[in-house]
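Colleague: with the sequence up front, the predicted model follows.
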Amino acid sequence: MTIASLLEPVTGQPGPAHLAHAADWMQGRTLYGGASALVAYTMATRAFPDLPPLRAGQVAFVAPVGEQIDLHAEIVRQGRNVTQVRSEILYEGRVALSAFWLFGEGREANAVHPAARPDDWPGPPEDNADVSHGFAPAFVAKNFELRHGQPKGTERGATVRRWARLIEDHSLDPVSKLVLMGDVMPPGAMRAMQRVGPISSINWSFNVLDPESRSRGGWYLAENASQHADRGYSSERLRMWDAEGRQVLDGLQCVAVFG
């Protein structure tokens, strides 16, 4: 089922919405984080269709998101160049996701400092082998094609890096695709865990470096790297690059590590 079908009930009008096609995007008892963030982002853009490009987002994953939800969006402040919007998903009468979006018009650059290519660049997606979906969550197996993104024999540390693309094009605009895919990798802390146990994203803050990104073949190199893990939490850096090695998304996340 396409992502367009999932987003169809999001009209931009506040109130109830039934995500009839959420099943293919569920991660356990909740909608996958990237998909739920996209629902909130879509609510903001459909409620206020004349917004400038998205520059940054702050997403709090408060509680599980199910099929029957309520949606809300409001403009917090609208300036000459920047508009800040809050959107929320309510489930069973309580806030399940709260998001704060920063939209900004582009202007003549006064500072130019391109982001660096990733360390240990694995080469383009075409040069890397497919990743088996044997251990992947169901929503990944149904919706994403994965290829290896870390050269064999290298020390992976507490980092998970894969080439990823949607199995179907879904006709998403560039920013919507980045929001949907930006949280697709499991936390890097997974590689540092001493025992098997559940992990859960608590929040996600990110900057959009290229709101017009259209990577070749739809491939993006997605990386989650634990910067520090202890006492049941991991601070993670989330990044994405296009097929040419240009960074398009830069983020930070807090993850709960159980077990």
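Modeller: Done, it's in.
Colleague: could you list the low-pLDDT ranges of the stretch 51-200 of the chain?
Modeller: Across the stretch 51-200 of the chain, the ranges flagged by pLDDT under 70 are 153, 169.
Colleague: quick one, helices of it?
Modeller: Taking DSSP state H, counting those that start in this stretch as the test, the helices found in the stretch 51-200 of the chain are 138-143, 174-181.
Colleague: list the buried ones in the first one?
Modeller: Along helix 138-143, these residues count as buried under the neighbour rule (16 or more other Cβ atoms under 10 Å): Phe139, Val140, Ala141, Asn143. Yep, even glycine has a C-beta here, placed from its N, CA and C like the rest.
Colleague: ok, stretch 233-247 next?
Modeller: Buried, per 16+ other Cβ under 10 Å, within stretch 233-247: Ser234, Ser235, Glu236, Leu238, Arg239, Met240, Trp241, Asp242, Ala243, Gln247.
Colleague: you'd agree the last one is up against Arg239?
Modeller: In this case it means Gln247. Yes - Gln247 lies in contact with Arg239 (Cβ atoms under 8 Å); the separation is 6.2 Å.
Colleague: would you mind measuring from the nearest residue to Val82 once chain neighbours are set aside to Gln58?
Modeller: What sits nearest to Val82 in space, not counting adjacent residues and going by Cβ to Cβ, 6 or more residues apart in numbering, is Gly104, at 4.6 Å. According to Cβ to Cβ, to the nearest Å, Gly104 and Gln58 sit 14 Å apart.
Colleague: again with Arg94
Modeller: To Gln58, Arg94 is 19 Å away according to Cβ to Cβ.
Colleague: quick one, which of the two is more surrounded?
Modeller: Here Arg94 and Gln58 are set side by side on neighbour count (other Cβ atoms under 10 Å), and the busier one is Gln58, at 16 against 9.
Colleague: list the contacts for that one?
Modeller: Counting by Cβ atoms under 8 Å, 6 or more residues apart in numbering, Gln58 makes contact with Ala99, Phe100, Asn203, Trp204, Ser205.
Colleague: burial measure for Gln78, as a count.
Modeller: Look at Gln78: counted by other Cβ under 10 Å, it has 13 neighbours.
Colleague: what's the closest non-adjacent residue to it?
Modeller: Spatially, and ignoring its direct neighbours in sequence, Gln78 is nearest to Gln84 (7.8 Å; Cβ to Cβ, 6+ apart).
Colleague: which residues touch the one you found?
Modeller: Neighbour list for Gln84: Ile75, Val76, Arg77, Gln78, Phe100, Trp101, Leu102, Phe103 [criterion: Cβ under 8 Å, 6+ apart].
Colleague: and the furthest pair within the residues you listed?
Modeller: Pairwise distances across these peak at 14.1 Å for Gln78 and Phe100 (criterion: Cβ to Cβ).
Colleague: what strands flank the host helix or strand of Glu236, and is each parallel or antiparallel?
Modeller: Taking DSSP states H and E as the criterion, Glu236 maps to strand 233-241. Strand pairing for strand 233-241, using DSSP bridges, gives strand 220-230 (antiparallel), strand 247-257 (antiparallel).
Colleague: export those strands to a markdown table and tack on mean pLDDT?
Modeller: Supplementary listing: these in a markdown table, determined by pLDDT from 0 to 100:
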| stretch | mean pLDDT |
| --- | --- |
| strand 220-230 | 97 |
| strand 247-257 | 98 |
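Colleague: between those, which one is nearest to Met26?
Modeller: Proximity to Met26 (Cβ to Cβ) singles out strand 247-257 among these, at 18.7 Å.
Colleague: for that closest one, which outside residues touch it?
Modeller: Contact with strand 247-257 is made by 115-118, 178, 182-183, 187, 189, 193, 197, 199-210, 213, 215, 220, 224, 226, 229, 232-242, as judged by Cβ under 8 Å, 6+ apart.
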